[in-house]
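Visitor: model this:
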Amino acid sequence: MSGTRTAAAIVAGGRARRFGGQDKGRLIVHGRSIIVRQVEILQRVASDLLVIAGDPARYTDLPVRVVRDRQPDLGAIGGIDTAVHAAPGTHVVVIACDMPFLTSDLLTHLLDLGRDRDGAWVRTDRGVEPLVACYATAARDRIAAFIAAGGRRASALDTVLRMAELASPDLDRFGAPDRLLANVNTPDDYARVQYDPA
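Guide: Numbering: from 1, shown residues only. Just a heads-up that it's a prediction; the model follows:
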């Protein structure tokens with residue numbers, strides 16, 4: 001996305017209730033924590049890196065700017081809202097902290113797709129992935145208004161934003177979607193990603 005300054009944000013503000021409250025981003029997958037893996041990937045995608053967190057002190061060891069969640073306990077939509085308000089530049093990639101196998105190629109492609117829209121996200125048979133996406137920072141007021149009007153489902157942001165979509169078969173060229181988009185919500189999910197080849 002030449003000619004534009006981009007940022008990337010890892011949303012790490014969730015309570016991880018299904019994982020006993022454990023910090024999912026700090027889980028180790030193939031010898032490194034998920035969040036460290038993500039920072040390394042995002043350094044190839046964006047010039048400014050952020051972590052959105054309820055407790056910023058948990059991430060001061062990372063080479064990123066840590067931003068307190070503007071509206072704690074709203075989940076994905078709150079993280080997206082914080083990202084578009086905190087990010088410098090024109091666009092921000094937003095990902096969840098529990099996805100160990102995302103790639104820089106995928107995220108760079110989303111930036112390219114979203115260049116002339118309000119953003120871009122991945123769509124699979126299960127629906128859209130609002131935390132594998134990019135958003136135009138100029139959309140911040142519409143996102144804030146969506147929340148103020150009671151909007152809580154991040155997957156419904158396309159009711160107020162013009163979102164481009166990346167779906168199969170185009171998605172498949174970045175890797176098998178089930179692996180690429182694997183996330184760790186439960187101990188069983190964690191066991192599955194541990195056995196996935198590095």
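
Visitor: just the helices from this protein, written as ranges.
Guide: 34-42, 76-86, 104-113, 140-148, 177-180, 187-195 (DSSP state H).

Visitor: got the contact list for the shortest one?
Guide: Going back to what we said before, that points to helix 177-180. Residues outside helix 177-180 that contact it (Cβ atoms under 8 Å, 6 or more residues apart in numbering): 101-103, 106, 122, 124, 168, 171, 174, 196. Using the backbone N, CA and C atoms, a C-beta is placed for each residue, glycine as well.

Visitor: can you add pLDDT, distance to A7 and neighbour count and give those residues back as JSON lines?
Guide: Shown next, in JSON lines, are those (pLDDT from 0 to 100; distance: Cβ to Cβ, whole Å; neighbours: other Cβ atoms under 10 Å):
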{"residue": "F101", "pLDDT": "97", "distance to A7": "22", "neighbour count": "21"}
{"residue": "L102", "pLDDT": "98", "distance to A7": "16", "neighbour count": "25"}
{"residue": "T103", "pLDDT": "98", "distance to A7": "18", "neighbour count": "14"}
{"residue": "L106", "pLDDT": "99", "distance to A7": "17", "neighbour count": "22"}
{"residue": "V122", "pLDDT": "98", "distance to A7": "19", "neighbour count": "25"}
{"residue": "T124", "pLDDT": "96", "distance to A7": "25", "neighbour count": "16"}
{"residue": "S168", "pLDDT": "93", "distance to A7": "28", "neighbour count": "12"}
{"residue": "L171", "pLDDT": "98", "distance to A7": "23", "neighbour count": "19"}
{"residue": "F174", "pLDDT": "98", "distance to A7": "21", "neighbour count": "19"}
{"residue": "D196", "pLDDT": "78", "distance to A7": "29", "neighbour count": "13"}
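
Visitor: going by distance to L161, which of those residues wins?
Guide: V122 (15.0 Å; Cβ to Cβ).

Visitor: can you give me the distance of the residue lying closest to M99 once chain neighbours are set aside to Q71?
Guide: Distance criterion Cβ to Cβ, 6 or more residues apart in numbering; nearest residue to M99, sequence neighbours excluded, is N183 at 4.8 Å. Distance from N183 to Q71, counting by Cβ to Cβ, to the nearest Å: 22 Å.

Visitor: which of those two has more residues huddled nearby?
Guide: N183 (20 against 14; other Cβ atoms under 10 Å).

Visitor: quick one: that one and R192 touch, right?
Guide: No: in this structure N183 lies outside contact range of R192 using Cβ atoms under 8 Å: 10.4 Å.

Visitor: may I see the buried residues of the biggest strand by length in the chain?
Guide: In the chain, taking DSSP state E as the definition, the longest strand is strand 127-136. Buried residues in strand 127-136, counted by 16 or more other Cβ atoms under 10 Å: 128-136.

Visitor: can I get those in a markdown table with distance to R58 and pLDDT?
Guide: A markdown table is the format used below for the buried residues of strand 127-136 (distance: Cβ to Cβ, whole Å; pLDDT from 0 to 100):
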| residue | distance to R58 | pLDDT |
| --- | --- | --- |
| V128 | 28 | 98 |
| E129 | 24 | 98 |
| P130 | 23 | 99 |
| L131 | 19 | 98 |
| V132 | 23 | 99 |
| A133 | 24 | 99 |
| C134 | 25 | 98 |
| Y135 | 24 | 99 |
| A136 | 29 | 98 |
